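**Q** I would like the atomic coordinates for the input below:
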Amino acid sequence: MSETSTSTTSGGEGGSFRDRARLSFDLDVDICVVGAGLAGLTVALEAARLGASVAVLEGRHVGWNASGHQLGTVMPGFGLPISDLIARIGFEDTRELWALSREGAESIRANATEEQMPGIALTEGALEVSNVDVGDQLISRLQMLGEDFETEVEGWQIDRVRDHLKTDRYFHGVYYPKAFQVDGRKYVHGLAALARRAGARIFEDTPVVSIDSSGIRKRIVTPSARLRASHIVLAGNIHLGAPLRRLSETLLPVWRYAAVTAPLGERLTDAVTFQGSVTDTDGIDHFRIVDGDRLMWASPETTWDARPERFAPAIARRIRTIFPQLGRVEISETWSGAIGQTVHGMPQIGQLRRGLWVASGFGRQGMNTAAMAGQLIARSILWGDERWRLFSPFELVWAGGATGRVAGQVIATWERGASAAAGALARYRERARAKERIRDARLAEANRQAGTRPPRPRPPPGRPRPVRPSPSSSSPPGSSPPSSRPPAEVNAALVSPGVAEQGHSPELMHSQESEKFPPGSV
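**A** Okay, the predicted model is just below:
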């Protein structure tokens, strides 16, 4: 199956109809997991490997929603920036959470081998690029990630980013060499296959009708059977349904739309040569090369469900905006997946009451976070691992219902507009600096060719200009004045040349003027 396939019935990895099994008989297990996405299947796999009996209940089929429709990028971190995490829970707890996220990424790498999941198509490296010029912030972030959080990262300057992504839309970048990508759909079905081989039982087309979480043994009712378990793990995201509607309402449902282009051929190398995944710091664009010469691109988001085909033109326009050299881009496939976002921006991981656990809210968190949650909850149940308490500061908060959806859409639209405006301003400033450098270079070249020195700088305002001394003040005492002629000769020299040629003296001219205009006549 191609990485870009969105068919829900293709498979051989546990996703075909003939492999589905409904729960049609009563069952007792140690752990019941509700939801067969990444988090739920990771709980099942880890718990089964540790010796527990596990049953997974899925109302539709494995990976039918967001877990089976994503770009497959795996890297450490959370949706909330590190600085915000530190401000909320402190530096040491943030370091521990970051270490957990690295463990989640490493567990996916350990599972996603060609031996265990044939055709997983693992590729290395992820690049996070900025829409504005933030070179001054890049150094401090690299130091924090590398020294304080023990994450291997590289800082890419603008020229290096644009060598791989040939567009002026992106500036600096942070490269994660240990990050990687997998075929997301194949991974979720491969995870189900691994869980089955470890002893977990997965029942599809088995929705949960009701849950009684009181007592030591919890009771779960399905349309055809009943199940009892010591622990229940709620990993159904926004699709838990009526039995747990209050929990579902703590998540803001967001539908993200993605597409795969038709083969682009040699045109693609004129725009993108980076083989890993690319995300921008504003979380607007996420893309990577698949199948050699196609782009997989995720961009628009809505807080309501819509047909993915409606967004194919918008994704094509977005690709053409970022990489105009690609020209007209044809979209061959589109799809969407509903994710649940929390108000505080962190996932919901922990114990709601004794024996009732939640693993949800992984919108914008990445595959590593869902894997981390599954491992953490399984080990908490069976080993008594208490690290899930690191998520206690991030409580369940009502997402606002219909009003929250409207507000979320308005905020998302405003953020996209603000990001576009900031990017446009950054590109304008970059062009202005480039023009100024060109003018300075031309002026320097003109000065060099003319053999002149650069113009002397003007004195700063407020500083008096130096006064050049007059000739008289510079003459030493007792010296003769500059002119050695007597005053009469000097006065005669001031007469116009015409008067001198006629032989008139200054005295005669004075007398003639006096005769014409006697005193008191004017």
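
**Q** identify the residue nearest residue 210 in space, chain neighbours excluded?
**A** residue 221 (4.6 Å; Cβ to Cβ, 6 or more residues apart in numbering). (C-beta placed from N, C-alpha, C; glycine too.)

**Q** same question, residue 202
**A** residue 56 (4.4 Å).

**Q** surely that neighbour touches residue 47?
**A** No - Residue 56 lies out of contact with residue 47 (Cβ atoms under 8 Å); the separation is 10.2 Å.

**Q** find residues that contact each of those two.
**A** Residues touching both residue 56 and residue 47 (Cβ atoms under 8 Å, 6 or more residues apart in numbering) are residue 200.

**Q** which other helices and strands contact the helix or strand harbouring the residue nearest to residue 202?
**A** Using DSSP states H and E, residue 56 sits within strand 54-57. Where contact means 3 or more Cβ pairs under 8 Å, 6 or more residues apart in numbering; DSSP states H and E, strand 54-57 is packed against strand 27-34, helix 38-49, strand 201-203, strand 226-234.

**Q** residues of that strand that come out buried?
**A** Buried residues in strand 54-57, counted by 16 or more other Cβ atoms under 10 Å: 54-57.

**Q** give me the residues contacting that strand.
**A** Contacts for strand 54-57 (Cβ under 8 Å, 6+ apart): 23, 27, 29-36, 40-41, 43-44, 47-48, 195, 199-203, 206-208, 220, 222, 227, 229.

**Q** the helices and strands packed on strand 54-57: which one's closest to residue 317?
**A** The closest of these to residue 317 is helix 38-49. By Cβ to Cβ, the value is 31.0 Å.

**Q** state the mean pLDDT of that closest one.
**A** For helix 38-49, the mean per-residue pLDDT is 96.

**Q** what of stretch 398-414?
**A** 78.

**Q** do stretch 268-282 as well
**A** 92.

**Q** repeat for stretch 150-157
**A** 93.

**Q** return the set of buried residues in that stretch.
**A** 151, 153, 155-156.

**Q** same thing with stretch 260-270?
**A** 260-261, 264, 268.

**Q** stretch 384-403 too?
**A** For stretch 384-403, by 16+ other Cβ under 10 Å, it's 387-388, 390-391, 394, 396, 399.

**Q** who touches that stretch?
**A** 88-89, 93, 96-97, 100, 247, 249-252, 341-344, 346-351, 376-377, 379-380, 404, 407-408.

**Q** give me the buried entries from the residues you listed.
**A** Using 16+ other Cβ under 10 Å, the buried ones in those are 89, 93, 97, 100, 247, 249-252, 341-344, 346-351, 376-377, 379-380, 404, 408.

**Q** tell me the contacts of the most centrally placed residue in the chain?
**A** Closest to where the C-alpha atoms of the chain average out (Cα atoms, centre = their mean) is residue 281, at 2.3 Å. Going by Cβ under 8 Å, 6+ apart, residue 281 touches 128-131, 134.

**Q** how far away is it from residue 252?
**A** To residue 252, residue 281 is 21 Å away according to Cβ to Cβ, to the nearest Å.

**Q** in the stretch 151-300 of the chain, which spans are helices?
**A** In the stretch 151-300 of the chain, the segments counted as helices under DSSP state H, counting those that start in this stretch are 158-164, 184-198, 245-248.

**Q** mind listing what's buried along the last one?
**A** Read it as helix 245-248. 247-248.

**Q** let's have the buried residues of stretch 384-403 in JSON lines, adding distance to residue 365 and secondary structure.
**A** Listed next are the buried residues of stretch 384-403 as JSON lines, based on distance: Cβ to Cβ, whole Å; DSSP: H, G, I helix; E, B strand; the rest coil:
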{"residue": "387", "distance to residue 365": "17", "secondary structure": "helix"}
{"residue": "388", "distance to residue 365": "15", "secondary structure": "helix"}
{"residue": "390", "distance to residue 365": "15", "secondary structure": "helix"}
{"residue": "391", "distance to residue 365": "12", "secondary structure": "helix"}
{"residue": "394", "distance to residue 365": "12", "secondary structure": "coil"}
{"residue": "396", "distance to residue 365": "16", "secondary structure": "coil"}
{"residue": "399", "distance to residue 365": "16", "secondary structure": "coil"}
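
**Q** looking at those residues, which is nearest residue 170?
**A** Distances from residue 170 to the buried residues of stretch 384-403, taken by Cβ to Cβ, are shortest for residue 394, at 31.4 Å.

**Q** phi, psi of the closest one?
**A** phi -100, psi 90 (degrees, to the nearest 10).

**Q** partner strands of the strand holding residue 56 and their direction?
**A** Note on strand 54-57: by DSSP bridges, its sheet partners are strand 27-34 (parallel), strand 201-203 (parallel).

**Q** just put these in JSON lines and tack on mean neighbour count and mean pLDDT.
**A** Shown next, in JSON lines, are the strands paired with strand 54-57 (neighbours: other Cβ atoms under 10 Å; pLDDT from 0 to 100):
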{"stretch": "strand 27-34", "mean neighbour count": "22", "mean pLDDT": "96"}
{"stretch": "strand 201-203", "mean neighbour count": "21", "mean pLDDT": "96"}
